[in-house]
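Asker: sequence and predicted structure, then a few things I'm wondering about:
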Amino acid sequence: MVDSLAKVLEGLPTNWGRWGKDDELGGLNFLTPEEVQRGLASVKSHRTFALQVVMNHPKGDPVWPGRAGMTKLMTQDKGSYLAGKLTPLPGGLEYADDFATLFLQGSTQFDALGHTWYGDHLYNGFDARTTISGLEKASVLPLAEKTATGHAVLLDIAKARGKQRLDKAEQITLQDLLACAKQQGITIHKRDILLIRTGWLSLFYDEGAAKFYEPPFIEPGLVFSRELIEWFHATEIPLLGTDTIANEITVDPNNGIVLPLHSALMRNLGVVFNEILWLEDLAKDCAKDGKYDFFYTAAPLKISRGTGAPVNPIVVK
């Protein structure tokens, strides 16, 4: 029997009301100018990394089951001129143009804090009926206007376990996070942005979509525990990012709940979720120089009432 979220999360901390009854930023409130400066102070080599996956990739786009990758169409190109459908602009200028349709969470993306809920309330107690026909509250727009900018750390769990990538349904606990940090020689400080590498996303590009989505679809990742939630709360983690689609193990092995951390962390604490990150190049560089902390900045597309939006986070080491 699957436990209810309300029962499993009973008594755990929330940040509802912490920044006022109208707050829609959640953990991004922790990212003050002082935190931005702390991130900038960590920059040593000035090497940069863009963490978004390629959209409209020839091998496809890794997305949550039931969603589809981007569909991109050319609306005009050189062929349009060769066929006589278009004529050059005065002076001879020709140009190509294209059009795309996509799920707003069909790439590397931020979840809006109102993206998931249980019962009748979103983050900060907003009525779940405010999601009807578009998020009136806790949409992705306030996150985009604020930006997520500060000091970040990478925990390379796959490397710590001597693997190219974690296995399907492989679990990560709080003890694993702390042990990985110790192994890498870093300390996770209050208000650090937390990036976790599992290596899982590389499976999609290396072995194809059929292998990646092979039933049952259960990604590796963080597994719910009360001590994990209490640690996130005490450490004031503003943002969690991983190289998986959901940032957590898909089905909790202990209670059968699907995506409990979306409720415990995002809905209740306001932790911003940055999902589907490409961390392979960053991880290789960190392994090479032994430096696993850096400056991170990201702002998703400014989409009114959106449940999420694509984003290309930038890291500077």
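Answerer: Arrived safely. Numbering: from 1, shown residues only.

Asker: on the pLDDT front, check Ser3 for me.
Answerer: That one is not Ser; residue 3 is Asp. pLDDT recorded at Asp3 is 76.

Asker: I meant Arg165, not that one.
Answerer: For Arg165, pLDDT reads 98.

Asker: so which bits of stretch 179-195 are buried?
Answerer: 180-181, 184, 186, 188, 191-195 (16 or more other CB atoms under 10 Å). Using the backbone N, CA and C atoms, a C-beta is placed for each residue, glycine as well.

Asker: list just the nearest of those to Gly150.
Answerer: Ile193 (5.5 Å; CB to CB).

Asker: angles on the backbone of the closest residue to that closest one other than its chain neighbours, please.
Answerer: In space, and not counting its chain neighbours, Ile193 is closest to Ala152: 3.7 Å by CB to CB, 6 or more residues apart in numbering. In terms of degrees, to the nearest 10, the main-chain angles of Ala152 are phi -130, psi 160.

Asker: specify the beta-bridge partners of Ala152.
Answerer: Ile193, Phe294 (DSSP bridges).

Asker: run a quick neighbour tally on it.
Answerer: 24 (other CB atoms under 10 Å).

Asker: would you map the helices across this structure?
Answerer: Assigned by DSSP state H, the chain shows helices spanning 5-8, 33-41, 78-82, 140-146, 157-160, 174-184, 201-207, 209-212, 226-235, 260-261, 268-269, 280-289.

Asker: same list (the ones you listed) but as CSV, adding distance to Arg47.
Answerer: Output for the helices of the chain, formatted as CSV (distance: least, CB to CB, whole Å):
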stretch, distance to Arg47
helix 5-8, 41
helix 33-41, 15
helix 78-82, 37
helix 140-146, 26
helix 157-160, 19
helix 174-184, 18
helix 201-207, 21
helix 209-212, 29
helix 226-235, 27
helix 260-261, 31
helix 268-269, 32
helix 280-289, 7
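
Asker: between these, which one is nearest to Thr14?
Answerer: helix 268-269 (4.3 Å).

Asker: and that closest one, what other elements does it pack with?
Answerer: helix 226-235 (3 or more CB pairs under 8 Å, 6 or more residues apart in numbering; DSSP states H and E).

Asker: tell me the mean pLDDT for the helix it packs on?
Answerer: 98.

Asker: now stretch 40-58
Answerer: On average, stretch 40-58 scores 98.

Asker: which parts of the stretch 1-150 of the chain are strands?
Answerer: All strands of the stretch 1-150 of the chain, identified by DSSP state E, counting those that start in this stretch, fall at 48-50, 71-76, 97-101, 109-111, 148-156.

Asker: and these, which is most packed in?
Answerer: strand 109-111 (a mean of 26; mean count of other CB atoms under 10 Å).

Asker: touching it from outside, list them.
Answerer: By CB atoms under 8 Å, 6 or more residues apart in numbering, the list of residues contacting strand 109-111 from outside reads 105, 140, 143-144, 148, 262, 266, 272-276, 298, 300, 307-311.

Asker: tell me where the model's unsure across this structure.
Answerer: Along the chain, the model assigns pLDDT under 70 to residues 1.

Asker: tell me the domain boundaries of it?
Answerer: Following automatic domain parsing, one gets these domains for the chain: 5-55+105-316, 71-100.
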